[in-house]
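> requesting a structural model of the entry that follows:
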Amino acid sequence: MDDNDIRALAEGLLGTALAAARIQMSHFAAGVTAVIKSDNSPVTIADRESEALILDALARVAPGIPVVSEEAAAEGHVPAVEDRFFLVDPLDGTKPYLRREPYFTINIAMIENGRPVFGLVYAPAIPDFFVTLGTGLAAATRLPPSSTAQTLGELQLETLRTRPADAAALKALTSQSHLNTETRRFLDGYTVADRRAISSSLKFGMLARGEADVYPRVGPTSEWDTAAGHAVLAAAGGTVLTLGGLPLNYGKPGFKNPNFVAWANAPLAPSRV
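A predicted model of the protein is given here:
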């Protein structure tokens, strides 16, 4: 994708993101129940309605490009993918959503040759909106789901840049639901002045906006959980690496991620033994 394609995709999906947000906020206000999937994770009508809307939109704005989406994949509908495909998590953070907590996101990403080249992350209950606009260019704004904006030009987008890390006082983000001994052990190797647990891909947006320095994830994730946030963070100056120091790539068997660390800038070596 060139920069014009990335911008056009962002433009073409703005209305879809807002429509999906309105669906989610409607159910959020009314309250929903969940069904437990075969992987023991919950799914709600908001997940499914949002996904159907996003899949229809991608078929219009990017016809012929395969889409791997969480709920469709859970039902066994996984298209063959090659060099270019979409990854979609229509509602990342279903557990906090069910608890009536605002930290859930809509995630849409495009993968090209194993790398996330486009990402849209929208947390409608906050309401934070993050999107890539070109190579090395990501932006964010506050975007209430009630917005009638039809173009990006109507939004007050601010360019995102990560912050330089202070190795003597790192701010770390962790998963709210999956903070485990291995994650604590990783962070114990650094001088962490502040630690915050938060759900969903919002953590990538916070890194991209310069609100934190590192997010380690030692535990299972799927590619649709991370790809959109990864794209935004990379465009803002960050990196996402496996624990072995390799780039986190996409299109892996089963679309499962290894353990990884998202950094606001270049990775830091541990300062403690």
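> what about the stretch 151-273 of the chain, any weak spots by pLDDT?
Counting by pLDDT under 70, the stretch 151-273 of the chain has low-confidence residues at 178, 273.
> in it, which spans are strands?
With DSSP state E, counting those that start in this stretch, the ranges of strands along the stretch 151-273 of the chain come out as 158-159, 170-175, 192-198, 214-217, 221-222, 239-242, 256-257, 260-263.
> give me the angle between the longest one and strand 170-175.
In terms of direction (axes from the mean of the first three to the mean of the last three Cα atoms, to 10 degrees), strand 192-198 departs from strand 170-175 by 20 degrees.
> packing partners of strand 192-198?
On a contact count with 3 or more Cβ pairs under 8 Å, 6 or more residues apart in numbering; DSSP states H and E, strand 192-198 meets strand 170-175. Placement of C-beta: from N, CA and C, glycine included.
> swap in the first one?
In this structure, strand 158-159 makes packing contacts with strand 137-142, judged by 3+ Cβ pairs under 8 Å, 6+ apart.
> could you do the fifth one as well?
Helices and strands touching strand 221-222, as assessed by 3+ Cβ pairs under 8 Å, 6+ apart, comprise strand 256-257.
> ok, and what's touching the strand it packs on?
217, 220-223, 225-226, 248 (Cβ atoms under 8 Å, 6 or more residues apart in numbering).
> just stretch 198-207 next, same as before
By Cβ under 8 Å, 6+ apart, stretch 198-207 touches 89, 92-93, 95-96, 101, 103-105, 107, 121, 123, 126, 128, 130, 140, 162, 173-177, 212-215, 225-226, 228-230, 232-233, 236, 238, 262-264.
> and what of stretch 58-78?
For stretch 58-78, contacts defined as Cβ under 8 Å, 6+ apart pick out 9, 12-13, 37-39, 43, 47-48, 51, 54-55, 79-82, 84-90, 108, 110, 222-224, 255.
> out of the residues you listed, name the ones that lie in helices.
In this view, the contacts of stretch 58-78 that belong to helices under DSSP state H are 9, 12-13, 47-48, 51, 54-55, 223-224.
> so how do I select the buried members of those in PyMOL?
Per 16 or more other Cβ atoms under 10 Å, the buried members of the ones in helices among the contacts of stretch 58-78 correspond to this PyMOL selection:
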select buried, resi 9+13+47+48+51+54+55+223+224
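> now for the ones in helices among the contacts of stretch 58-78, which pair is the farthest apart?
Using Cβ to Cβ, the ones in helices among the contacts of stretch 58-78 reach their maximum pairwise distance at 9 and 48, which is 23.5 Å.
> isn't residue 130 right up against residue 119?
Yes. With contact defined as Cβ atoms under 8 Å, residue 130 counts as touching residue 119 (7.4 Å).
> can you flag the buried ones in the contacts of stretch 198-207?
Here, 16+ other Cβ under 10 Å leaves 89, 92-93, 95-96, 101, 103-105, 107, 121, 123, 126, 128, 130, 140, 162, 173-176, 212-215, 225-226, 228-230, 232-233, 236, 238, 262-264 buried among the contacts of stretch 198-207.
> next, the buried residues of stretch 181-193.
Using 16+ other Cβ under 10 Å as the test for burial, stretch 181-193 gives 183, 186-187, 190.
> next one: stretch 263-273
Under the neighbour-count criterion of 16+ other Cβ under 10 Å, stretch 263-273 has 263-264, 268 buried.
> got it, and stretch 48-66?
Going by neighbour count (16+ other Cβ under 10 Å), the buried part of stretch 48-66 is 48-55, 57-58, 62.
> mind exporting that stretch as CSV, just the C-alpha atoms?
Only the C-alpha atoms of stretch 48-66 are listed here, as CSV (Å, rounded to 0.1, in the frame of the first residue of the first chain):
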residue,chain,number,x,y,z
ARG,A,48,-21.6,-10.1,16.0
GLU,A,49,-23.6,-7.1,14.7
SER,A,50,-20.4,-5.0,14.6
GLU,A,51,-18.5,-7.7,12.7
ALA,A,52,-21.2,-8.1,10.1
LEU,A,53,-21.2,-4.3,9.5
ILE,A,54,-17.4,-4.2,9.2
LEU,A,55,-17.2,-7.2,6.9
ASP,A,56,-19.8,-5.6,4.6
ALA,A,57,-17.9,-2.4,4.5
LEU,A,58,-14.5,-4.0,3.7
ALA,A,59,-16.1,-5.9,0.9
ARG,A,60,-17.1,-2.5,-0.6
VAL,A,61,-14.0,-0.5,0.1
ALA,A,62,-11.5,-3.2,-0.6
PRO,A,63,-13.2,-5.9,-2.7
GLY,A,64,-11.3,-9.2,-3.2
ILE,A,65,-9.0,-8.8,-0.2
PRO,A,66,-9.5,-11.6,2.3
